[in-house]
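Colleague: Quick one, what's the 3D model for this:
(2 chains)
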Number of protein chains: 2
Amino acid sequence: MKIKLLIVLVVFGACFSTLAQQKSSSASGNEAGIAEKGLMKVSVMYPYADGKTFDMDYYEKSHMPFVAGLLGSNLVRYTIEKGVSAGMPNAPLPYMAIGTFYIKSLPDYQAAIAPHRDAIRADFPKYTNISPVILISEVIR
Amino acid sequence: MKIKLLIVLVVFGACFSTLAQQKSSSASGNEAGIAEKGLMKVSVMYPYADGKTFDMDYYEKSHMPFVAGLLGSNLVRYTIEKGVSAGMPNAPLPYMAIGTFYIKSLPDYQAAIAPHRDAIRADFPKYTNISPVILISEVIR
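Modeller: Numbers count the residues shown, from 1 in each chain, chains lettered A, B, ... in the order given. Below is the predicted model of the structure:
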């Protein structure tokens, strides 16, 4: 009788401990995904103009993974968006594409990129003839 | 003896069922936060120039919640970022602030905003003297 009771208690204990771990890991997943407040963003924006080209396939599969791979654990995530239109009728498309790195530290980002700046620029002509505009910003919400 | 065995089985069953639910809810949380592929973004970008002002506090606490409140379940989430610097030395800051709506449907967004366009514009002078640039884009990654 006492052994069976012990088994029930051990099973209960194991279950609650696993539930507690699940709950805490799911909360930190949401923090990384949604509450990015305080992170820095490096947005590389490619302005649209007549005669400008952009190969999204190469950018997504080769250029962005290459740069992201230089950033180590400072990189929280990176995103890619494709410009579709301006918000106002008859206004020109502002950007053909934007690539964004969400990072914890701007100095660490700059230190990681600096030794590879030439290699990154040498990769540009493989997917675009646009000179990008870069915005450093802080996530407020 | 058989009753104790039954209790153990019921406890095991309850635990596994709860664990399965936890796992599936944590997966959908990640999808909303990180895997936003296919969503549309409406980015309202406020270009920097001499003499331009922007009240981030009003924007965060009043303007953005007001517009977000018009969008209903079409709005997945919205973000606010504060421009810090250009990526290149000596280049001017491209934008003082950017507000972004992540939405499921662009036509639904336009239909929800249209009847309130005048009210939204009337709110602009309360936080800025900048005419924003709007970019509609698609989340590729």
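
Colleague: Quickly check: the biggest strand by length in chain A near chain B or not.
Modeller: Longest strand in chain A, counting residues (DSSP state E): strand A:75-86. Yes: interface with chain B: strand A:75-86 contributes A:77-86 (C-beta under 8 Å from any C-beta of the partner chain). Yep, even glycine has a C-beta here, placed from its N, CA and C like the rest.

Colleague: swap in stretch A:113-125?
Modeller: No: Stretch A:113-125 is not in contact with chain B by C-beta under 8 Å from any C-beta; minimum separation 9.6 Å.

Colleague: which residues are in contact with that stretch?
Modeller: Contacts with stretch A:113-125, where a contact means C-beta atoms under 8 Å, 6 or more residues apart in numbering or on different chains, come from A:62-63, A:66-67, A:70-71.

Colleague: Show the buried residues in the residues you listed.
Modeller: Neighbour-count burial (16 or more other C-beta atoms under 10 Å in any protein chain shown) applied to the contacts of stretch A:113-125 gives A:63, A:67, A:71.

Colleague: Show me where chain A has its strands.
Modeller: According to DSSP E, the strands that chain A contains are A:40-47, A:75-86, A:95-103, A:133-139.

Colleague: Map the structural domains onto the sequence of chain A.
Modeller: What automatic domain parsing lists as the domains of chain A is A:1-34, A:40-138.

Colleague: Least reliable of the ones you listed by average pLDDT, please.
Modeller: Comparing mean pLDDT across these, the weakest is domain A:1-34, with a mean of 48.

Colleague: ok, back up a step: from the contact counts, what lies against the longest strand of chain A?
Modeller: helix A:64-69, strand A:95-103, strand B:133-139 (3 or more C-beta pairs under 8 Å, 6 or more residues apart in numbering or on different chains; DSSP states H and E).

Colleague: so of the domains of chain A, which one's packed in deepest?
Modeller: domain A:40-138 (a mean of 16; mean count of other C-beta atoms under 10 Å in any protein chain shown).

Colleague: what's the spacing between that one and its chain's center?
Modeller: Per C-alpha atoms, centre = their mean, to the nearest Å, the displacement of domain A:40-138 from the mean C-alpha position of its chain is 11 Å.

Colleague: Turn the helices and strands packed on strand A:75-86 into a markdown table, columns for distance to residue A:131.
Modeller: Converted to a markdown table, those look like this (distance: least, C-beta to C-beta, whole Å):
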| stretch | distance to residue A:131 |
| --- | --- |
| helix A:64-69 | 16 |
| strand A:95-103 | 12 |
| strand B:133-139 | 18 |
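
Colleague: Of all the ones you listed, which one comes closest to residue A:126?
Modeller: helix A:64-69 (10.5 Å; C-beta to C-beta).

Colleague: Run through who's touching the closest one.
Modeller: A:75, A:78, A:80, A:99, A:101, A:113, A:120, A:123, B:141.

Colleague: same thing but 10 Å
Modeller: For helix A:64-69, contacts defined as C-beta atoms under 10 Å, 6 or more residues apart in numbering or on different chains pick out A:42, A:44, A:58-59, A:75, A:77-80, A:99-101, A:112-113, A:116, A:119-120, A:123, A:127, B:140-141.

Colleague: Restrict that helix to CA atoms and write it as CSV.
Modeller: Coordinates of the C-alpha atoms in helix A:64-69 are reproduced here as CSV (Å, rounded to 0.1, in the frame of the first residue of the first chain):
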residue,chain,number,x,y,z
MET,A,64,21.1,37.5,-45.6
PRO,A,65,22.1,34.1,-44.1
PHE,A,66,25.8,35.1,-44.8
VAL,A,67,25.5,38.4,-42.9
ALA,A,68,23.4,36.9,-40.1
GLY,A,69,26.0,34.2,-39.7
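
Colleague: List the residues that contact the residue most central in space within chain A.
Modeller: Nearest to the geometric centre of chain A sits residue A:78, at 1.7 Å (C-alpha atoms, centre = their mean). By C-beta under 10 Å, 6+ apart, the contact list for residue A:78 reads A:41-42, A:64-65, A:67-68, A:71, A:99-103, B:141.
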